[in-house]
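Peer 1: Predicted model and sequence below, questions to follow.
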Amino acid sequence: MVETVVEAIRINVVTEQHVVILKERAGTRVIPIWIGRDVAEAIALELQRAQIGRPMTHDLLRSVIRELGGEIGRVVVNDLRDQTFYAEIEIVVDSRSVNVDSRPSDAIALAVRAQAPIFVEDHVMDQAGLVLPSEATEEPGEQVQEEESIDNESLSVFRDFINSLDLDDPKRESE
């Protein structure tokens, strides 16, 4: 498994689609995951440490887990099928671990609130991970080759979307 961090929340102003970008903690690959507007706002609010008057859904879920004696151990983006990402939330109660199926966006929103680590399974990172052009390092006379994935053609929609975003300033959404 690869540990990741939330690199950015972006919106394509033309299509109004939101994307969360997970970046390898110890690497250069990123994974773009399309998410809904409401969850994008929930993640962004938490990353900005914004104070809101009443708990949002992810705050409520975190509170319920805490009140029942549990904690969020970690979140794992564990699969990618038919251009859909899957995730699990690991909840630890009395040294017993329970994995709950989740949309990646909800799992990530919960993880940032609980300050829990976010992991991506190796096969998912290998299949969907991208190296952004500014991240690519190339030695003189050496060509950087993109890794071939099992379903490279269907993942091109993710690459096209990422290439349409303005990613020059990854901290812009927190200002």
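Peer 2: Done, it's in. Numbering: from 1, shown residues only.
Peer 1: Glu90 contacts Asn78, correct?
Peer 2: No: checked against CB atoms under 8 Å, the pair Glu90 and Asn78 is beyond contact range at 10.6 Å. The C-beta positions use only the backbone N, C-alpha and C, and glycine is treated the same way.
Peer 1: residues contacting the closest residue to Tyr86 other than its chain neighbours?
Peer 2: The shortest distance from Tyr86 to any non-neighbouring residue, by CB to CB, 6 or more residues apart in numbering, is to Asp79 (4.0 Å). Going by CB atoms under 8 Å, 6 or more residues apart in numbering, Asp79 touches 85-86, 121, 124.
Peer 1: And Gly27, by the same measure?
Peer 2: Gly27 makes contact with Val2, according to CB under 8 Å, 6+ apart.
Peer 1: Quick one: mark the members of the contacts of Asp79 that sit in helices.
Peer 2: With helices defined by DSSP state H, the entries of the contacts of Asp79 inside them are Val124.
Peer 1: which SSE is the most centrally placed residue in the chain in?
Peer 2: To find the centre residue of the chain, average its C-alpha atoms and take the closest one (CA atoms, centre = their mean): that gives Leu22, at 4.0 Å. Taking DSSP states H and E as the definition, one finds Leu22 inside strand 17-24.
Peer 1: which residues sit in contact with Met125?
Peer 2: Counting by CB under 8 Å, 6+ apart, Met125 makes contact with 2, 24, 29, 31.
Peer 1: Oh, that last question was meant for Ile118, not what I typed.
Peer 2: So, once contact is read as CB under 8 Å, 6+ apart, Ile118 ends up touching 3-6, 22, 74-77, 107-108, 111.
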